[in-house]
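S.K.: can you look at this prediction? I've put the sequence above it.
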Amino acid sequence: MESSTVRNRLNLIIDAAKRSSAERRARNDEASKSYERFLEFAVPLFKQVAQALKVSGYPFTVFTPGGGVKLLSDKSAEDYIELSLDSSGDRPAVVGRVSRARGRRVIESEHPIAPKPVGELTEEDVLEFVLKEIGPFVER
């Protein structure tokens, strides 16, 4: 194979990779801005849920660690529901991490809270996610 053919094909791949990287950075920047707006309603909603849980006899506290929001059980540091922005994939998403302690065993899961772009998420999406995940914490 001729060197010029190899070089041309390689240059096409390099150019495509650079374009893809630039597009991914732009998507991540937009998702970061949308995520800041998302937190403006997600954090107060988490606080409302924590207050309602406390009134019902389930003490939880809300923390806002580095760009996220976490609903943490006051009884066990292993029991929590946390939201954060995951921009490691092709499409940034708000990911929910859930951790539950069962004796010595800790069960963890992680998945997007809704099949929507970050900018389209609503309070209802957050509430639905939290209500779906809170069941095992309050069944005891």
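M.R.: Received it, and whenever you're ready, just let me know what you need.
S.K.: for the rest of this, base every contact and every neighbour count on C-alpha atoms.
M.R.: Will do.
S.K.: would you state the strands of the protein in chain order?
M.R.: Here the chain has its strands, by DSSP state E, at 60-63, 69-73, 80-86, 93-102, 105-112.
S.K.: now render the ones you listed as TSV, adding mean pLDDT.
M.R.: Shown next, in TSV, are the strands of the chain (pLDDT from 0 to 100):
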stretch	mean pLDDT
strand 60-63	95
strand 69-73	95
strand 80-86	95
strand 93-102	92
strand 105-112	92
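S.K.: of all those strands, which lies closest to residue 139?
M.R.: strand 93-102 (12.1 Å; C-alpha to C-alpha).
S.K.: quick revisit: could I get the strands of the chain as JSON lines with distance to residue 50 and mean neighbour count?
M.R.: Below are the strands of the chain laid out as JSON lines (distance: least, C-alpha to C-alpha, whole Å; neighbours: other C-alpha atoms under 10 Å):
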{"stretch": "strand 60-63", "distance to residue 50": "5", "mean neighbour count": "20"}
{"stretch": "strand 69-73", "distance to residue 50": "7", "mean neighbour count": "21"}
{"stretch": "strand 80-86", "distance to residue 50": "11", "mean neighbour count": "22"}
{"stretch": "strand 93-102", "distance to residue 50": "15", "mean neighbour count": "20"}
{"stretch": "strand 105-112", "distance to residue 50": "20", "mean neighbour count": "13"}
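S.K.: tell me which of these lies nearest to residue 42.
M.R.: Set against residue 42 and scored by C-alpha to C-alpha, those come closest in strand 69-73, at 7.6 Å.
S.K.: quick check: angle from the closest one to strand 93-102?
M.R.: Angle of strand 69-73 versus strand 93-102, following axes from the mean of the first three to the mean of the last three C-alpha atoms, to 10 degrees, is 10 degrees.
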